[in-house]
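Q: quick check, what structure comes out for this input:
(one chain, ligands or ions: 2)
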Amino acid sequence: METIRWNLKNNYLYNQKAIKGAAELLKSGSTVAFPTETVYGLGADATNAAAVSKIFEAKGRPQDNPLIAHVATKNQLTRVVDTYPPFVDKLIGVFAPGPLTFVLPSNGTCVENVTAGLSTIGVRIPDHPVACQLLTESDIPIAAPSANISGKPSPTTGNHVWADLQGKIAGILDAGPTGVGVESTVIDCTNEIPIILRPGGITKEQLETVVGSIMIDPTIAGDQPASPGMKYKHYSPEVPLWLVEGGYAKMQQIIDEEQKNDRRIGVIASTRTTQLLKVDNIIALGWGLPEIASHLYEALRTFKEGDVDIILCEAFPEEGIGQAIMNRLKKAASVYI
Ligand code: TXA
Ligand code: MG
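A: Ligands and ions are numbered 1, 2, ... in the order given. Down below sits the predicted model:
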């Protein structure tokens, strides 16, 4: 399949034409990748089972992992869900549009392969001008997982999507790098107390300011996650990743030891830590946790098989968006020391 690539620039008319073209493809049952504020999504009409199955095919995604339905407005959201608890309206008021996915009772509008047969549906209103225009223009709920080959780090640039899915999807709206860099927070809103199923762009601390008490699904760190997607191998770079707790001194010690054994090391760390380490291949993610989150997946894709034997990555504090960063890094890592 030939993939149409629209390179969006500061050209209003061109962008409008591109988004219209992408909306037409979606409405006719094809798949299109588009930017959101978190990562790129691979979209298809969530009311069309044949269209949705193309997403699973292109990504090589397990069928039992449900997709998030993306909508433009709260009004569109209410068209795909059943009645929900009042705290959801409060959360929508503060965090939508934004990187927060609400798991709510489905009303059946979205087809079964979107929800993987569950009675609930994950819905979110993305905060990206291109995603918003695409959703408004097509006026259908768009099912969209991250637009990567299953198991690989999520795409935060159009180039990442192109590398993974070129030839397998009908189109891509390339608007350059996304902002947040890690996926949305997934929150189960089917009980009296909301439960975080996947940490992400909206932090637990932020949610608590609106709803008071909030739980974190205990299985996030365990083996049997409540969010089906959390059980699969994820975010994996091409070479084994060692996640290192304990600061730069311990990292330097491991680097020195492994280099003695003729192993080529690539390092991913905060900018502060990179200034203290002595090693050739090093990627600085930035100073604060939000900046680190936004550069994380790009870094995980940078070290290629054959270039280095091991990636060493610094462990970050599990506070704020650090919870999402560490959740992804623990899944990406083969060793956590
Ligand atoms: O930021 C994001 O959320 C990105 C952009 C494209 O919106 N999307 C994304 O989708 O990360 P995906 O498919 O890679 O991850 C969706 C997660 C999975 O862990 C899935 O299991 C969970 O949401 N999920 C979806 N529907 C669910 C449901 N009804 N109940 C529980 N978990 C659900
Ligand atoms: Mg994903």
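
Q: next one, pLDDT for residue 187 please.
A: Each residue has a pLDDT score; the one for residue 187 is 98.

Q: tell me the contacts of it?
A: Contact analysis of residue 187 by Cβ atoms under 8 Å, 6 or more residues apart in numbering lists 91, 100, 101, 102, 103, 194, 195, 196, 197, 207, 214. Where you see a C-beta, it was placed from the backbone N, CA and C, and this is true even at glycine.

Q: likewise residue 281?
A: Residues in contact with residue 281, defined by Cβ under 8 Å, 6+ apart, are 264, 265, 266, 267, 303, 307, 308.

Q: what of residue 332?
A: If a contact means Cβ under 8 Å, 6+ apart, then residue 332 has 153, 234, 235, 236, 237, 241, 243, 300 as its contacts.

Q: show me what contacts residue 261?
A: Going by Cβ under 8 Å, 6+ apart, residue 261 touches no other residue.

Q: ok, it to ligand 1 distance?
A: Residue 261 sits at a distance of 36 Å from ligand 1 (criterion: Cβ to the nearest ligand atom, to the nearest Å).

Q: flag every buried residue along the longest helix along the chain.
A: Assignment by DSSP state H gives helix 12-27 as the longest helix of the chain. Neighbour counts using 16 or more other Cβ atoms under 10 Å place 15, 18, 19, 21, 22, 23, 25, 26 of helix 12-27 among the buried residues.

Q: turn those residues into a markdown table, including distance to ligand 1 and pLDDT.
A: What follows is the buried residues of helix 12-27, written out as a markdown table (distance: Cβ to the nearest ligand atom, whole Å; pLDDT from 0 to 100):
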| residue | distance to ligand 1 | pLDDT |
| --- | --- | --- |
| 15 | 20 | 95 |
| 18 | 19 | 98 |
| 19 | 17 | 98 |
| 21 | 20 | 98 |
| 22 | 15 | 98 |
| 23 | 17 | 98 |
| 25 | 17 | 98 |
| 26 | 14 | 98 |
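
Q: output these in TSV, with distance to residue 32 appended to each entry.
A: Output for the buried residues of helix 12-27, formatted as TSV (distance: Cβ to Cβ, whole Å):
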residue	distance to residue 32
15	14
18	10
19	10
21	9
22	5
23	8
25	5
26	6
